[in-house]
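Engineer: Here is my input, please return the structure:
(4 chains)
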Protein chains: 2
Amino acid sequence: MSLHSTPEISVNCGDCPIRHRAVCARCESDDLARLESMKTYRSYEAGQTVIWAGDDMDFVASVVSGIATLTQAMEDGRTQMVGLLLPSDFVGRPGRARAAYTVTATSDLLMCCFRRKPFEQMMASTPSVAQRLLEMTLDELDAAREWMLLLGRKSAREKIASLLAIIARRDATLRLKSPAGRMSFDLPLTREAMADYLGLTLETVSRQISALKRDGVIELEGKRHVTVPDFDELLAEAGDDSDGGALA
Amino acid sequence: MSLHSTPEISVNCGDCPIRHRAVCARCESDDLARLESMKTYRSYEAGQTVIWAGDDMDFVASVVSGIATLTQAMEDGRTQMVGLLLPSDFVGRPGRARAAYTVTATSDLLMCCFRRKPFEQMMASTPSVAQRLLEMTLDELDAAREWMLLLGRKSAREKIASLLAIIARRDATLRLKSPAGRMSFDLPLTREAMADYLGLTLETVSRQISALKRDGVIELEGKRHVTVPDFDELLAEAGDDSDGGALA
DNA sequence: TGTCGACCTTGATTTGGGTCAAACCCGGCC
DNA sequence: GGCCGGGTTTGACCCAAATCAAGGTCGACA
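Structural biologist: This next block holds a predicted model:
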């Protein structure tokens, strides 16, 4: 759709900010050169749809910067977010042309896209790419299972606390700190997107955020900036203390 | 725990019923020989726990026959099933010793176990094993995402209909038929296990099954044998007609 | 043959979160 | 400055599913 390619951007893979975490993390210089020959950057504005579920996709991609979501919808319009894509996360499935989920840019988004066919050939011949992708997929599966516990068994308040803990933890990781004590961060999602993530309505999300604020579990500046006075208390509210909950 | 090894069983891999679907599906005869040197069979009785979340696991395994579940629990006892393991499904994660989920045998269960270390070495050196495992993991991730939509957005009646459709579809696959028209099958799960799968209570499961029966969407003989007069009607009740919903 | 214990069903009641509706906040733009 | 619109909050009410509480069914086993 209305994507505007940005051929002017052309980072050298060696300088790429996601070099050490993305699907290419284990590649040596000759593999990188091969990847470089099949890559293109594409950028999307906040709110734009990257691909619609059911559409054909002639590429697979890594998120370089920004945030995207994977969502699934029922015919009557109910939607559920099934993936939250952060920098270094992988989009698309080698061997499958048709997109299974709708991908939407939640913030401004830059993706590093690889043409499908050459990428698939490389997967077959270069074990390091397949091995890295396996590792990333196993991590995503763990995160999906954590998320299933949240969707199936947690209360609205626990769901909100869990989401805030996930975001706080990720934010800490980016700043190379460990999550503890007093922390503050911006919410990268609207109330509606949070509701889609958590299997709630946006009104319930709003009410529970207000309740957590009233109870002193969080503080708010504006609608998007959150301060957590005590991370452990937030974890207790989330229903899992000593938890290694993953991200996307 | 109280697992009784069954060294007497020692199927030749070539004759194995899951030979063409399991993690070894793509192996040639020399790879198979190598796998054979690291494998042991273990069997469990219905109801036995195979591994507790948090325990160390010195093996990875394939389900040969029977059904097992992966479940996750909160401290207060709430539990959510996060995986349903059918013959050919893989258990464990290469590179990780500590089990992330509790694995329980739902029926009598036979597993083909590979010692971790040799299996991991083989993963590194034999691309066909890693590639097959990647494919299986991607399928599981798709199934997990389908399941997330179910948990987050479907009504109790839709959840039950979805589960019945999944079981019916799997059963048809095993009999090499395509799911359509009148079908009948046994439920491999208790009401409680279904509730854990669907994020419901067992009372709600029971009530909704009764309601579907009352409405003629299903017929019951005893408590476990189900007949679906019209598979398309069941799919409509599940909230997704033209759906390719995967299994485990 | 009786009874024990899983497993399941059904009823009465409660409640958490959904729905509907109104209003607020705030940045952008005329 | 006033208006507009997306995002958000809050309130009143309702309903689907949870909870609490009996009972029923049936196979196993003494």
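Engineer: helix, strand or coil for the spatially closest residue to residue A:111 that is not a sequence neighbour?
Structural biologist: Nearest non-adjacent residue to residue A:111, counting by CB to CB, 6 or more residues apart in numbering or on different chains: residue A:61, 4.4 Å away. The way it works is simple: take the backbone N, C-alpha and C, and place the C-beta from them, glycine included. Classification of residue A:61 using DSSP: H, G, I helix; E, B strand; the rest coil returns strand.
Engineer: For the spatially most central residue of chain A, give me its contacts.
Structural biologist: The residue lying closest to the centre of chain A (CA atoms, centre = their mean) is residue A:85, at 2.0 Å. Counting by CB atoms under 8 Å, 6 or more residues apart in numbering or on different chains, residue A:85 makes contact with A:63, A:67-70, A:91, A:103, A:248.
Engineer: Distance check, the residue of chain A found nearest DNA strand C against residue A:156.
Structural biologist: Residue nearest to DNA strand C within chain A: residue A:204 (3.1 Å; CB to the nearest atom of the strand). Residue A:204 sits 5 Å away from residue A:156, going by CB to CB, to the nearest Å.
Engineer: Please apply the same query to residue A:232.
Structural biologist: 21 Å.
Engineer: more neighbours, those two?
Structural biologist: Neighbours per residue (other CB atoms under 10 Å in any protein chain shown) separate residue A:232 from residue A:156, with residue A:156 holding more: 16 against 12.
Engineer: Helices of chain A, start to end?
Structural biologist: A:29-38, A:116-125, A:127-153, A:156-174, A:191-198, A:202-214, A:231-238 (DSSP state H).
Engineer: Let me know which of the ones you listed is the nearest to residue B:160.
Structural biologist: helix A:127-153 (14.3 Å; CB to CB).
Engineer: Next one: that closest one, is it in contact with chain B?
Structural biologist: Yes: under the criterion of CB under 8 Å from any CB of the partner chain, chain B is reached by helix A:127-153 at A:127, A:130-131, A:133-135, A:137-138, A:140-142, A:144-149, A:151-153.
Engineer: what pLDDT, on average, does that helix get?
Structural biologist: For helix A:127-153, mean pLDDT rounds to 96.
Engineer: which residues of chain A score low on pLDDT?
Structural biologist: A:1-10, A:241-248 (pLDDT under 70).
Engineer: sorry, back to before: I'd like the helices of chain A as TSV, with distance to residue B:99 appended.
Structural biologist: Output for the helices of chain A, formatted as TSV (distance: least, CB to CB, whole Å):
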stretch	distance to residue B:99
helix A:29-38	34
helix A:116-125	29
helix A:127-153	12
helix A:156-174	22
helix A:191-198	27
helix A:202-214	33
helix A:231-238	22
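Engineer: who in chain A is up against DNA strand C?
Structural biologist: Within reach of DNA strand C by CB under 7 Å from any atom of the strand, chain A has these residues: A:155-157, A:199-201, A:203-204, A:222.
Engineer: So which of these is surrounded by the most neighbours?
Structural biologist: residue A:199 (25 neighbours).
Engineer: and it, what does it touch?
Structural biologist: Counting by CB under 8 Å, 6+ apart, residue A:199 has contacts A:80, A:151, A:159, B:151-153.
Engineer: now residue A:27
Structural biologist: Residue A:27 touches A:35, A:126, A:128-129, counting by CB under 8 Å, 6+ apart.
Engineer: Quick check on these: which are buried?
Structural biologist: A:35, A:126, A:129 (16 or more other CB atoms under 10 Å in any protein chain shown).
Engineer: Make JSON lines out of the residues of chain A next to DNA strand C and add distance to DNA strand D.
Structural biologist: Output for these, formatted as JSON lines (distance: CB to the nearest atom of the strand, whole Å):
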{"residue": "A:155", "distance to DNA strand D": "9"}
{"residue": "A:156", "distance to DNA strand D": "12"}
{"residue": "A:157", "distance to DNA strand D": "14"}
{"residue": "A:199", "distance to DNA strand D": "12"}
{"residue": "A:200", "distance to DNA strand D": "12"}
{"residue": "A:201", "distance to DNA strand D": "9"}
{"residue": "A:203", "distance to DNA strand D": "4"}
{"residue": "A:204", "distance to DNA strand D": "8"}
{"residue": "A:222", "distance to DNA strand D": "9"}
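Engineer: Chain B: which of these is nearest?
Structural biologist: residue A:199 (2.9 Å; CB to the nearest CB).
Engineer: Now the phi/psi pair for that closest one, please.
Structural biologist: Main-chain dihedrals, residue A:199, degrees, to the nearest 10: phi 70, psi 40.
Engineer: do residue A:101 as well
Structural biologist: Main-chain dihedrals, residue A:101, degrees, to the nearest 10: phi -140, psi 160.
Engineer: related to what we said a few turns ago, okay, and the beta partners of the residue nearest to the centre of chain A?
Structural biologist: Using DSSP bridges, the beta-bridge partners of residue A:85 come out as residue A:68.
Engineer: Now do the closest residue in space to residue A:79 that isn't next to it in sequence: how many residues are near it, please.
Structural biologist: Closest residue in space to residue A:79, ignoring its immediate chain neighbours: residue A:73 at 4.5 Å, by CB to CB, 6+ apart. Residues lying near residue A:73 (other CB under 10 Å) number 16.
Engineer: So residue A:126 is in contact with residue A:31, correct?
Structural biologist: Yes: the criterion here is CB atoms under 8 Å, and residue A:126 meets it with residue A:31 at 5.8 Å.
Engineer: Report the contact partners of the residue of chain A closest to DNA strand C.
Structural biologist: By CB under 8 Å, 6+ apart, the residues touching residue A:204 are A:156, A:195.
Engineer: Pull up the gap between it and residue A:80, please.
Structural biologist: 15 Å.
Engineer: burial measure for the residue lying closest to residue A:70 once chain neighbours are set aside, as a count.
Structural biologist: Nearest residue to residue A:70 in three dimensions, chain neighbours excluded: residue A:83, at 3.3 Å (CB to CB, 6+ apart). Around residue A:83 there are 22 other residues, counting by other CB under 10 Å.
Engineer: How much space separates residue A:83 from residue A:50?
Structural biologist: 12 Å.
Engineer: again, but for residue A:65
Structural biologist: From residue A:65 to residue A:50 the distance is 14 Å (CB to CB).
Engineer: Comparing those two, which shows the higher neighbour count?
Structural biologist: residue A:50 (25 against 16).
Engineer: Mind listing the residues bridging to the nearest residue in space to the more buried one that is not next to it in sequence?
Structural biologist: Nearest non-adjacent residue to residue A:50, counting by CB to CB, 6+ apart: residue A:103, 4.0 Å away. Here residue A:103 sits in beta bridges with residue A:51, residue A:70, as judged by DSSP bridges.
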